[in-house]
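please work out how this folds:
(one chain, ligands or ions: 2)
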Amino acid sequence: MNSKLSIIIPLYNEEDNIEPLYEKLESVLGEIGHEYEIILINDGSEDDTKRRIDAVACRDTRVKVVHLRRNFGQTAAMMAGIDTAEGDILIPMDGDLQNDPADIPELLTKLAEGYDVCSGWRKDRKDNPLKRNFPSKVANWLISKISGVHLHDYGCSLKAYKKEIIKGVKLYGEMHRFIPIYACWQGAKVTEVGVRHHPRIHGQSKYGIERTIKVILDLMVVKFLDKYAHKPMYLFGGFGLVNIFVSFLFFMMMLGYKFFDNKSFIETPLPLAVVLFFLMGFMSIFMGLIAEILMRTYHESQNKPTYIIDRTCNCKDI
Ligand code: UDP
Ligand code: MG
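Ligands and ions are numbered 1, 2, ... in the order given. Okay, the predicted model is just below:
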């Protein structure tokens, strides 16, 4: 197998990391012997990143450069890289030398063994323990529990994907970390290997603890999309019915108090609760109906099928 590799690197204000990263990559990739391209995405940097990556691309035609108009964020920049990539194996990584190109061969070995996705696991992570490592441990545990796809380190950018798995994936928010989960849900074989991690030497990290919150919110979206995207009414409608049922119970209690205990309606908060739960229930059901319309528009406007075919035999492309 001599598939072409696409190394995808989002860069935001990484001026001093570019040269050393390129040199390291070139030496590792040279040894592996695969054809390759390095895609550098300048995510609206305000420092000298732009000029320096252009300079590298001038020297080496295997380096492709994409400049984004402004800072769109790491996930969007990675998406731009994925859309540009022409390789058979896509390998995103960070551009700050925290990931080590020397781990690429190991990822490739796993793909050669038949896996579709191999994720890096920073076993000995060199970031701030309190602000980054601990919240990330909690988030990883949650993601593993909720998604049912068990990896140790979803946030590690260094991963390897077979092209078929990742092309066409649409990423939003902080979602690049969830690609292995989507992939696994769609039938891909996913594994992980331990990778090196180095402390950042040049430049600064762009993230703090707030990232964990975004990741957890994104996780809720991913879970919702997996379970209910095709049947939003089951979620909204289910919640709505429970609320209406609670409202009905309170209503009966209210009548009970009034006629058997002689308590006036306004002596208890029950009437308020009845109205509140009833309204919530009703609104949820309506939201569910709107979500159903949106879901149909989504699929039908773009001719998006609600299934994914593995392979066919003697069929025309559909
Ligand atoms: N990055 C980017 N756009 C952003 C923020 C970050 O392209 O808005 C890039 C950054 O240049 C680096 C990678 O994403 O190559 C990871 O960022 P960082 O090192 O700040 O994250 P950390 O390692 O602290 O999680
Ligand atoms: Mg970093």
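
tell me how many other residues crowd residue 191.
Neighbour count for residue 191, taken as other C-beta atoms under 10 Å: 16. Just so you know, the C-beta spots here come from the backbone N, C-alpha and C atoms, and that holds for glycine as well.

before we move on, what SS does it have?
Assigned with DSSP: H, G, I helix; E, B strand; the rest coil, residue 191 falls in the strand class.

so which bits of this structure are right by ligand 1?
By the rule C-beta under 6 Å from any ligand atom, the part of the chain lying against ligand 1 is 10-12, 14, 43, 71, 73-74, 77, 94-96, 98, 205-207.

restricted to buried residues, select the residues you listed in PyMOL.
Burial among those is assessed by 16 or more other C-beta atoms under 10 Å; the matching PyMOL selection reads:
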select buried, resi 10+11+12+14+43+71+73+74+77+94+95+96+98
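
just flag the most distant two among the residues of the chain next to ligand 1.
Using C-beta to C-beta, the two most remote members of those are 71 and 98, lying 19.3 Å apart.

one step back: out of the residues of the chain next to ligand 1, which are inside helices?
Under the assignment DSSP state H, the residues of the chain next to ligand 1 contribute 74, 77 to helices.

from the residues of the chain next to ligand 1, pick the one nearest residue 239.
Nearest to residue 239, judged by C-beta to C-beta, of these is residue 73 at 31.7 Å.

if I look at the closest residue to the closest one other than its chain neighbours, how far off is residue 109?
Spatially, and ignoring its direct neighbours in sequence, residue 73 is nearest to residue 43 (7.1 Å; C-beta to C-beta, 6 or more residues apart in numbering). Distance of residue 43 to residue 109, given as C-beta to C-beta, to the nearest Å: 30 Å.

picking that back up, check the residues of the chain next to ligand 1 against ligand 2, which are close?
Counting by C-beta under 5 Å from the ion, 94, 96, 98 from the residues of the chain next to ligand 1 sit close to ligand 2.

what residues does the stretch 1-150 of the chain have near ligand 2?
So the stretch 1-150 of the chain meets ligand 2 at 94, 96, 98 (C-beta under 5 Å from the ion).

quick check, nearest of those residues to residue 232?
residue 94 (35.7 Å).

so that closest one touches residue 12, yeah?
No. With contact defined as C-beta atoms under 8 Å, residue 94 does not count as touching residue 12 (10.4 Å).

and the contacts of stretch 126-134?
With contacts defined as C-beta atoms under 8 Å, 6 or more residues apart in numbering, stretch 126-134 is touched by 98, 125, 197-200, 205, 207-209.

and these, which two are furthest apart?
Spatial extent of these (C-beta to C-beta) is set by the pair 198 and 209 at 21.5 Å.

residues contacting residue 65?
Neighbours of residue 65 in contact, by C-beta under 8 Å, 6+ apart: 39-42, 53-54, 56-57.

host element of it?
Assigned by DSSP states H and E, residue 65 belongs to strand 63-67.

and that strand, what's buried?
The neighbour-count check on strand 63-67 (16+ other C-beta under 10 Å) flags 63-66 as buried.

with stretch 84-104 instead?
For stretch 84-104, the buried set under the neighbour-count rule, 16+ other C-beta under 10 Å, comprises 85, 87-101, 103-104.

and it, average pLDDT?
The pLDDT scores in stretch 84-104 average 96.

chain center to it, what's the gap?
In terms of C-alpha atoms, centre = their mean, to the nearest Å, the centre of stretch 84-104 is set 17 Å apart from its chain centre.

so residue 212, which state does it fall into?
Residue 212 falls in the helix class when you classify it by three-state DSSP.

right, I mislabeled it, should have said residue 7
When classified by three-state DSSP, residue 7 comes out as strand.

so it bridges to which residues?
Listed by DSSP bridges, the beta-bridge partners for residue 7 are residue 38, residue 91.

for it, grab the count of nearby residues.
For residue 7, the neighbour count with other C-beta under 10 Å is 28.

what sits against it?
So residue 7 contacts 25, 29, 36-39, 91-93, 101, 104 (C-beta under 8 Å, 6+ apart).

what's the answer for residue 33, then?
Neighbour list for residue 33: residue 2 [criterion: C-beta under 8 Å, 6+ apart].

quick check: phi and psi at it.
phi 90, psi 10 (degrees, to the nearest 10).

ok, now how distant is it from ligand 2?
Distance of residue 33 to ligand 2, given as C-beta to the ion, to the nearest Å: 29 Å.

ok, residue 293 next?
Going from residue 293 to ligand 2 by C-beta to the ion gives 42 Å.

what about that residue, neighbour count?
Using other C-beta under 10 Å, the number of residues around residue 293 comes to 10.

buried sites along the helix or strand hosting residue 286?
In this structure, residue 286 sits in helix 270-301 according to DSSP H and E. Buried residues in helix 270-301, counting neighbours by 16+ other C-beta under 10 Å, are found at 270, 273-274, 277-278, 280-281, 284-285, 287-288, 291-292, 295.

what do you get for stretch 24-34?
For stretch 24-34, burial by neighbour count (16+ other C-beta under 10 Å) applies to 25-26, 28-29, 34.
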